[in-house]
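**Q** quick one: sequence plus predicted model below, questions after.
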Amino acid sequence: MATCKVEGCLVPEHTPGQWRVEFDAYGGYDMMSSAYLIQSGETRITEVDTGHKGKDVESAANAALIARAPDLAHALVGLVKALNAVVNIDQADTLQTAPLWLKVRAALAAAEKALAGQP
C-alpha cells in the first residue's frame, strides 16, 4: 500500500474558485440529454450526464460530491498535517483509528499518483 507523508501530501492545482452545480436540461454530452454541470465562474469543469432521466437523486449526489472535491482535499490535507503534529505517522498502528488513518494516507497517495499519470 502506498503511503503519504506530510511533505508529499499536496493538494494538486485545480480550477480555482468556488465550484458549483447547475442543472441544465440540454447540457448533456449529446446536447439532447440533461446534465448536472460542475462549474467555476464561467468555466465548465465537468458534467454528470443524466441521460434522459432529468433530475435524479444519484446524479445530483455525484455532482455535489465532485463539486466539493477541492474543499474535501484541502480539509484532508489539513487534517493529516494537524495529526502529524501530535502523532508519529510511522507508528499509526498505535492509534485506535489505525485503519482509518491508513485509508486517509492511501487516498492521498493515490491522488498524487493519478496526478503524476501513474496507474
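**A** Now that the structure is in, tell me what you want to look at.

**Q** chain center to stretch 59-78, what's the gap?
**A** If you compare the mean C-alpha spot of stretch 59-78 with that of the full chain, they lie 5 Å apart, counting by C-alpha atoms, centre = their mean, to the nearest Å.

**Q** of all the residues in it, which ones are buried?
**A** When neighbours are counted by 16 or more other C-beta atoms under 10 Å, the buried residues of stretch 59-78 are found to be Ser59, Asn62, Ala63, Ile66, Ala67, Pro70, Ala73, Leu76, Val77. No exception for glycine: its C-beta is placed from N, CA and C like everyone else's.

**Q** possible to save the residues you listed as CSV with secondary structure, distance to Arg44 and pLDDT?
**A** Formatted as CSV, the entries for the buried residues of stretch 59-78 read as follows, by DSSP: H, G, I helix; E, B strand; the rest coil; distance: C-beta to C-beta, whole Å; pLDDT from 0 to 100:
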residue, secondary structure, distance to Arg44, pLDDT
Ser59, helix, 16, 91
Asn62, helix, 16, 92
Ala63, helix, 12, 93
Ile66, helix, 12, 92
Ala67, helix, 12, 93
Pro70, helix, 15, 85
Ala73, helix, 20, 81
Leu76, helix, 25, 83
Val77, helix, 26, 80
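
**Q** look up phi and psi at Tyr29.
**A** Geometry field for Tyr29 lists phi and psi as phi -60, psi -30, criterion degrees, to the nearest 10.

**Q** returning to that earlier point: closest to Trp101 out of the buried residues of stretch 59-78?
**A** Leu76 (11.7 Å; C-beta to C-beta).

**Q** from Tyr29, how far off is that closest one?
**A** As for Leu76, its distance to Tyr29 is 30 Å (criterion: C-beta to C-beta, to the nearest Å).
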